[in-house]
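>>> can't give you the sequence, but here's the structure:
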DNA sequence: GTGAAAGCGCTAACAA
DNA sequence: TTGTTAGCGCTTTCAC
């Protein structure tokens, strides 16, 4: 089983053909079209190949010739390492991997850190198409992907005209949540949201920044909330929104802390993800606030941990997002018109939302 | 921003050169060696490229010419989708992704289902090297990888002479656990282990199957246990070992059920992974067994959930495994001698292990 | 600073 | 069934 560390490519298809005294076509056929030559000849070719240490047709050369790389690229502007930590992202990856398995193609993860302007890796990726997942609309890696002459499908964001896209209807989805909270009677709400732009801002968010957010999923959710609450007389300008660049439970907790420190009168914390909401829950516990009696907390995504925690959230089929995107790219790619697929979401009311305490309760207890 | 679904490759480096009336070299230099031509000419080249819709040098053609694919392949004989579910595997992936990011190369996940004999995807992968993670020594995909003339490093298993390998010392590690249990006084133990071969066997494991297991990590752990317990007079042939093909918490629970149903006298359940142990814990609860008073349960890996559950386990640095493997392949690959890197492990005694109840306690209560 | 020549290793018409 | 001919699109000496 021993083998040298760096085996030099010894033999090529051509040298093998020469050795055998047959044409290159024949050798090629031995590997790619067994029916095109006699079993005996094929055996002889394969045996000699083995003897000469010929490892079979070079994949890169073959790709150049056939114009098929046999892989799809995945661009997500988040440290890959982190992506594996977010259950929602893992779900998407899982679905995409499933679609790739079905089609027998590789999944090429493109290295692209959020801060980096280094897009060479995108240009270097030998892939037949790209899946872009949750990337800001002004990201340089995205621009690099768009410059490549291969089909591309976007999951969630950005929304680019002419491109296939898979995702939930964020506007409608978040309005279900808003409706739920409004019905319960909440008017003093606060929001915890994810990164709105490439520039870091772990702080309260101005209306201007909300409006111009480069992550349109977040922007749309904020807009939806603003409009829904506006309709019942809440001035959105007075609603505190706290942003976090990193998407972790701890960041959710610190965001909740920052918001509640400044706005203790808030009766509901609306989070644009379950991860942030889980953090908010932890912070509520730390402050001795009972959920939902003293504070309502809601999330978005419907990850397993959220369900376990009884979180009121909007569930979206994350695995399905990845799988559908993969299939769009791999099997259903003969279309001329771009396809936008909207996946269903569902409001899941858990045990973390309830009517706010009335003023009387606040003064006299329940 | 609109763009056609399937953009045909319009321009090539050659056509661009022709259009500009310069040589191909010059165009190539404009992209790859900016210092080799005047800034003005470079601008002119790039501008014209943009105008003609030339997307820059084709990555596959470039790879063929430079003999560098800019990607490393990852082979794991597990549904990719599942790999994302196992925190230990995710840790490895994360570490590997980190190393790839550092080096600016892509990570190409090779589609290879455990049952499949379809190895074409391995041959088709345009990569500069492979990382093989937790694959049985007789897997056909592995053979395909070994036939490729590129450097390869193995994480955990199999152990192949001449190949780089990174992993813990399984024999020593499991003996720490055995020592702990022996010291506590356990002699009636049972074992839950992961898949031992490509053929499914969700059942008790014969000594023969233990000995001939194709996953040497599991084999080594079983051997270590057998030897350690043998030294204190335990006849390993009498020790029940239950195997599960799938590696999930639920499978751990069902394995524990199967074992305890048949061997209720067992005082300790040794699991070869935390996931299985977590399942065992759940099953113990279901049966009304208190852990560790009535039953000791131990794991292996040291994943976060295990720590949360207070599981007694052997911790291994999973992220480090991935990162080290990646670096071995990407930065430190000029060696001639294969390198075997053994990562440290640590016995972490939690709250799930305690001395077994004595016979008296069993009769008269503690 | 720029160009000419020579492949990288392979597959796909088409012809024999 | 097998061979001939033509590239796929690019980079890289090496001259000029």
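Ah, there it is. Predicted model only: the values in this text are computed from it and were never measured. Residues are numbered from 1 along each chain as shown, chains lettered A, B, ... in the order given.

>>> all contacts plus neighbour counts: C-alpha atoms, from now on.
Fine.

>>> poorly predicted segments of chain A, please.
By pLDDT under 70, the weakly predicted segments of chain A are A:1-9, A:81, A:359-366.

>>> next, the residue nearest the centre of it: phi, psi?
Nearest to the mean C-alpha position of chain A, by CA atoms, centre = their mean, lies residue A:133 at 4.2 Å. Main-chain torsions, residue A:133, degrees, to the nearest 10: phi -120, psi 120.

>>> mind listing what it touches?
Residue A:133 is in contact with A:74-77, A:154-157, counting by CA atoms under 8 Å, 6 or more residues apart in numbering or on different chains.

>>> the strand or helix carrying residue A:107 pairs with which strands?
Using DSSP states H and E, residue A:107 sits within strand A:106-109. Sheet pairing of strand A:106-109 (DSSP bridges) gives strand A:71-75 (parallel), strand B:106-109 (antiparallel).

>>> what about the residue of the stretch 201-350 of chain A found nearest chain B, how many neighbours?
Chain B sits closest to residue A:336 of the stretch 201-350 of chain A, with a gap of 5.9 Å, by CA to the nearest CA. Residues contacting residue A:336 under the criterion other CA atoms under 10 Å in any protein chain shown number 10.

>>> sec struct for it, please.
Following DSSP: H, G, I helix; E, B strand; the rest coil, the label given to residue A:336 is coil.

>>> on that earlier part again, with respect to DNA strand C, which of the strands paired with strand A:106-109 lies nearest?
Comparing the strands paired with strand A:106-109 against DNA strand C with CA to the nearest atom of the strand, the closest turns out to be strand A:71-75 (16.1 Å).

>>> tell me the first helix or strand C-terminal of that closest one.
Strand A:71-75 is succeeded, C-terminally, by helix A:80-83 (DSSP H and E).

>>> helices or strands up against that next one?
For helix A:80-83, the packing partners by 3 or more CA pairs under 8 Å, 6 or more residues apart in numbering or on different chains; DSSP states H and E come out as helix B:87-103.

>>> identify each buried residue in the helix it packs on, please.
By neighbour count on 16 or more other CA atoms under 10 Å in any protein chain shown, the buried set for helix B:87-103 is B:87-101, B:103.

>>> quick one, helices of the stretch 51-200 of chain A?
Using DSSP state H, counting those that start in this stretch, the helices of the stretch 51-200 of chain A run over A:59-66, A:80-83, A:87-103, A:120-124, A:140-147, A:170-184.

>>> can you give the contact residues for the shortest one?
By CA under 8 Å, 6+ apart, the residues outside helix A:80-83 that reach it are A:89-90, A:111-113, B:93-95, B:97-98.

>>> adding distance to residue B:32, write those residues out as CSV.
Listed next are those as CSV, based on distance: CA to CA, whole Å:
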residue, distance to residue B:32
A:89, 35
A:90, 36
A:111, 20
A:112, 20
A:113, 22
B:93, 31
B:94, 31
B:95, 30
B:97, 26
B:98, 26
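
>>> re the thing from before, measure the residue of the stretch 201-350 of chain A closest to chain B to residue A:57 for me?
Counting by CA to CA, to the nearest Å, the separation of residue A:336 from residue A:57 is 34 Å.

>>> excluding chain neighbours, what is closest to the closest residue to DNA strand C within the stretch 201-350 of chain A?
DNA strand C sits closest to residue A:330 of the stretch 201-350 of chain A, with a gap of 18.2 Å, by CA to the nearest atom of the strand. Excluding the flanking residues, the one nearest residue A:330 by CA to CA, 6 or more residues apart in numbering or on different chains is residue A:103, at 7.0 Å.

>>> quick one: contacts for residue A:303?
By CA under 8 Å, 6+ apart, the residues touching residue A:303 are A:87-88, A:274, A:315.

>>> can you put these in CSV and add distance to chain B?
Listed next are those as CSV, based on distance: CA to the nearest CA, whole Å:
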residue, distance to chain B
A:87, 9
A:88, 11
A:274, 18
A:315, 19
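
>>> what about the residue in the stretch 51-200 of chain A that DNA strand D sits nearest to, how many residues nearby?
Of all residues in the stretch 51-200 of chain A, residue A:65 sits closest to DNA strand D, at 3.5 Å by CA to the nearest atom of the strand. Residues contacting residue A:65 under the criterion other CA under 10 Å number 12.

>>> ok, now how distant is it from residue A:25?
For residue A:65, the distance to residue A:25 - CA to CA - is 14 Å.

>>> just the strands in chain A please.
A:71-75, A:106-109, A:130-133, A:152-155, A:164-168, A:189-194, A:241-244, A:268-271, A:296-298, A:313-315, A:340-343, A:346-348 (DSSP state E).
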